[in-house]
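Participant: Coordinates only, no sequence provided:
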């Protein structure tokens with residue numbers, strides 16, 4: 001097939017989505033080509049479809065032009081997996097941003113939901129509230145504004161112990177078949193028609209009985225996760241990106257197919273909720289708590305999150321502005337906030353004498369002038385202890401957790417805790433929520449004295465007790481700031497290191513990865529390999545099966561960027 005020339009491709013794309021939805025200038029496309037923490041590269045254009053048929057036609061056209069496609073939603077990935085990586089590709093790159101395709105279709109009275117590629121967890125949480133149900137994942141584990149489909153594609157989530165990582169076997173996706181033809185595969189378990197256009201149009205218009213959708217034998221969530229994390233003698237991690245048991249079509253695909261929709265389970269909202277804040281200066285005490293809970297509790301906490309003082313301080317210093325915006329205006333304002341920020345950043349980029357990061361820096365400087373925003377009791381624990389657990393409990397697990405913690409304290413075990421009132425609990429969870437933005441904001445504020453950001457997303461083995469002794473001293477010595485936190489029950493850690501000037505990122509990265517290999521850790525845990533990690537044999541085989549021509553998200557996992565992986 002003869003390759004379509006760039007001017008003709010641009011013209012044809014405009015005929016599909018409209019002139020305002022095809023961006024080609026370097027400054028116009030910069031935010032789409034730049035990862036939230038790492039990742040940056042060149043792209044011929046950014047295309048923003050407004051419906052599923054436009055997405056289908058745009059993808060087909062770009063494939064006919066022999067372009068590489070990157071399908072991107074909120075671009076909140078931590079490993080550069082939704083942006084180009086440099087410009088050493090053998091074909092032009094087209095980024096298709098799906099955020100305008102944000103429809104949610106509640107089915108069977110909200111027991112499940114169908115999410116289009118741009119729908120966010122914010123929106124799903126709001127639509128489920130009147131039904132007393134909740135999403136499969138919680139927003140803001142390590143980033144803000146994530147899409148539902150992005151979570152499925154990248155194996156995200158898992159900190160909600162009773163729901164497991166984002167996973168489904170019910171999806172509607174497009175891929176190139178063995179004859180090089182782009183085809184639509186409907187595994188939603190719903191009869192939507194025969195042709196791609198008919199299927200996509202019927203789905204977007206909800207032309208089916210959404211109150212009586214047939215149950216499917218395929219899973220809409222990972223319902224075996226609790227048993228997985230309870231196996232404390234296992235030498236392998238509880239969850240990680242290359243786990244073959246969680247690689248299924250859209251789930252874990254990392255953009256190697258085009259996902260038009262996913263069908264996922266929702267969960268009943270709990271009646272009562274309590275937050276416990278636990279502090280210690282002996283991290284081994286937390287290993288005991290984890291082991292005791294997983295082996296002895298009848299009802300586990302909903303969530304057990306670890307924060308090191310570095311992450312606590314990072315959230316306090318660099319996340320205060322977002323904390324206050326969400327606290328007083330609500331999470332629902334965040335999509336609008338990020339759209340405004342993107343427009344301001346674009347406008348500023350056209351003014352030569354202005355700093356491109358002036359918006360972030362202004363917010364940061366303003367927040368520095370504001371008084372302490374955390375409740376007194378929480379701040380007191382920060383001053384006394386260096387390690388913290390946030391236990392979110394509901395219904396029967398509240399009494400069990402409270403009784404257990406009280407017993408530890410009475411036996412003079414090296415911890416302290418308090419049961420948060422509603423305000424303290426909300427503020428503490430919001431504090432944890434905004435901690436994910438700290439590494440990037442620190443890099444912006446300290447760019448004159450720092451170098452690269454080394455973000456590590458690590459799944460430690462389930463039998464690992466010395467998690468606090470693993471990081472090599474060289475990483476601390478070469479870092480201006482560090483940020484450490486974890487989803488503690490499953491031993492998934494986020495370690496971010498903002499390196500000093502002249503530090504050797506590749507040397508330090510290889511040193512810690514070698515150490516992690518020696519203890520059986522896996523990486524990445526939940527944010528896909530992107531362009532930061534090498535895909536192992538399982539992932540490589542999975543990616544090549546989904547995308548044999550290497551037309552989608554070429555180069556991720558350190559694989560070839562060339563056609564057919566040459």
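Facilitator: Structure received. Bear in mind the structure is a predicted one, so any value in this text is a computation, not a measurement.
Participant: Would you check how far apart the residue nearest to residue 398 when sequence neighbours are not counted and residue 89 are?
Facilitator: Leaving aside its sequence neighbours, residue 398 sits nearest to residue 274 (C-beta to C-beta, 6 or more residues apart in numbering; 4.7 Å). No exception for glycine: its C-beta is placed from N, CA and C like everyone else's. According to C-beta to C-beta, to the nearest Å, residue 274 and residue 89 sit 52 Å apart.
Participant: quick one: the residue nearest to residue 398 and residue 531, what's the gap?
Facilitator: Relative to residue 531, and taking C-beta to C-beta, residue 274 is found at 41 Å.
Participant: Of these two, which one has the most company?
Facilitator: More crowded of residue 274 and residue 531, by other C-beta atoms under 10 Å: residue 531, with 23 against 20.
Participant: Assess the claim that that one and residue 556 are in contact.
Facilitator: Yes. With contact defined as C-beta atoms under 8 Å, residue 531 reaches residue 556; the gap is 6.1 Å.
Participant: Ramachandran angles for residue 536?
Facilitator: Taking degrees, to the nearest 10, you get phi -80, psi -170 for the backbone angles of residue 536.
Participant: Give me the neighbour count for the closest residue to it other than its chain neighbours.
Facilitator: Distances taken as C-beta to C-beta, 6+ apart place residue 242 nearest to residue 536, at 4.8 Å, with adjacent residues excluded. When neighbours are defined as other C-beta under 10 Å, residue 242 has 23 of them.
Participant: Residue 442 and residue 500, how far apart?
Facilitator: 12 Å.
Participant: residue ranges with poor pLDDT in the stretch 101-250 of the chain?
Facilitator: 139-145 (pLDDT under 70).
Participant: Please, where are all the strands along it?
Facilitator: Here the stretch 101-250 of the chain has its strands, by DSSP state E, counting those that start in this stretch, at 104-107, 112-115, 133-134, 171-176, 182-187.
Participant: what angle do the last one and strand 171-176 make?
Facilitator: Think strand 182-187. 160 degrees (axes from the mean of the first three to the mean of the last three C-alpha atoms, to 10 degrees).
Participant: So what's the gap between strand 182-187 and the chain middle?
Facilitator: Between the centre of strand 182-187 and the centre of its chain there are 25 Å (C-alpha atoms, centre = their mean, to the nearest Å).
Participant: Strand partners (parallel or antiparallel) of it?
Facilitator: Strand pairing for strand 182-187, using DSSP bridges, gives strand 171-176 (antiparallel).
Participant: and the worst-scoring helix or strand of the chain on mean pLDDT, how far out from the chain's middle?
Facilitator: None of the helices or strands of the chain scores lower by mean pLDDT, DSSP states H and E than helix 334-349, at a mean of 83. Mean C-alpha position of helix 334-349 versus that of the full chain (C-alpha atoms, centre = their mean) differs by 21 Å.
Participant: How about stretch 492-507?
Facilitator: Chain-centre distance of stretch 492-507: 20 Å, with C-alpha atoms, centre = their mean.
Participant: Residue 415 against residue 408, yeah?
Facilitator: Yes. Counting by C-beta under 8 Å, residue 415 does reach residue 408; the two are 5.7 Å apart.
Participant: quick one, helices of the stretch 351-500 of the chain?
Facilitator: Per DSSP state H, counting those that start in this stretch, the stretch 351-500 of the chain carries helices over the ranges 358-369, 376-384, 396-410, 422-434, 438-445, 473-477.
Participant: re the thing from before, overlap in contacts of residue 415 and residue 408?
Facilitator: residue 289 (C-beta atoms under 8 Å, 6 or more residues apart in numbering).
Participant: any idea how far residue 421 is from residue 133?
Facilitator: With C-beta to C-beta as the criterion, residue 133 and residue 421 are 26 Å apart.
Participant: correction: residue 129
Facilitator: 22 Å.
Participant: And residue 173, by the same measure?
Facilitator: Residue 173 is 46 Å from residue 421, by C-beta to C-beta.
Participant: before we move on, what about residue 56?
Facilitator: Separation of residue 56 from residue 421 (C-beta to C-beta) stands at 51 Å.
Participant: And those two? Which one has more around it.
Facilitator: Per other C-beta under 10 Å, whichever of residue 56 and residue 421 has more neighbours is residue 56, with 22 against 13.
Participant: mind pulling up the phi and psi values for the more buried one?
Facilitator: The phi/psi pair for residue 56 (degrees, to the nearest 10) is phi -60, psi -50.
Participant: Tell me where the stretch 451-566 of the chain has strands.
Facilitator: Along the stretch 451-566 of the chain, counting by DSSP E, counting those that start in this stretch, strands occupy 479-487, 492-500.
Participant: Figure out how far stretch 559-566 is from the centre of its chain.
Facilitator: Distance of stretch 559-566 from its chain centroid, counting by C-alpha atoms, centre = their mean, is 26 Å.
Participant: how would you label the residue nearest to residue 398: helix, strand or coil?
Facilitator: The local conformation at residue 274, judged by DSSP: H, G, I helix; E, B strand; the rest coil, is strand.
Participant: Helices along the stretch 101-250 of the chain, start to end?
Facilitator: Counting by DSSP H, counting those that start in this stretch, the helices of the stretch 101-250 of the chain are 121-128, 148-153, 196-204, 225-229.
Participant: winner for burial among those helices?
Facilitator: helix 148-153 (a mean of 30; mean count of other C-beta atoms under 10 Å).
Participant: Can you pull out the residues in contact with that helix?
Facilitator: Counting by C-beta under 8 Å, 6+ apart, 73-74, 76-77, 82, 98, 115-121, 124, 135, 137, 156-157, 166-168, 171, 250-255, 259, 261-262, 264, 528 sit against helix 148-153.
Participant: Pull out the buried members of those.
Facilitator: Among these, those buried by neighbour count (16 or more other C-beta atoms under 10 Å) are 73-74, 76-77, 82, 98, 115-121, 124, 135, 137, 156-157, 166-168, 171, 250-255, 259, 261-262, 264, 528.
Participant: So for the least confident helix or strand of the chain, what gets flagged as buried?
Facilitator: Buried-residue list, helix 334-349, by 16+ other C-beta under 10 Å: 334, 335, 338, 345, 346, 349.
Participant: Going by distance to residue 480, which of these wins?
Facilitator: Nearest to residue 480 among the buried residues of helix 334-349 is residue 345, at 24.0 Å by C-beta to C-beta.
Participant: and residue 13, helix, strand or coil?
Facilitator: Applying three-state DSSP: residue 13 is helix.
Participant: Excluding sequence neighbours, find me the nearest residue to it.
Facilitator: In space, residue 13 is closest to residue 22, 5.0 Å off (C-beta to C-beta, 6+ apart).
Participant: Over to residue 382?
Facilitator: Residue 382 sits nearest to residue 312 (C-beta to C-beta, 6+ apart), 5.7 Å away.
Participant: Could you do residue 523 as well?
Facilitator: Here the residue nearest residue 523, using C-beta to C-beta, 6+ apart, is residue 458, at 5.0 Å.
Participant: Contacts only, for the one you found.
Facilitator: Contacts of residue 458 (C-beta under 8 Å, 6+ apart): 492, 493, 494, 495, 516, 521, 522, 523, 524, 525.
Participant: That one and residue 56, how far apart?
Facilitator: 38 Å.
Participant: Report the rounded mean pLDDT for stretch 489-496.
Facilitator: For stretch 489-496, the mean per-residue pLDDT is 95.
Participant: again but with stretch 68-82, I slipped
Facilitator: Mean pLDDT, stretch 68-82: 87.
Participant: Check stretch 269-280 too.
Facilitator: 94.
Participant: ok, residues contacting that stretch?
Facilitator: Contacts for stretch 269-280 (C-beta under 8 Å, 6+ apart): 128, 132-134, 286, 289, 302, 377-378, 381, 384-395, 398, 401-402, 405, 414-420, 424-425, 428-429.
Participant: can you rerun that using 7 Å?
Facilitator: 132-134, 286, 378, 381, 384-385, 387-395, 398, 401, 405, 414-420, 425, 428-429 (C-beta atoms under 7 Å, 6 or more residues apart in numbering).
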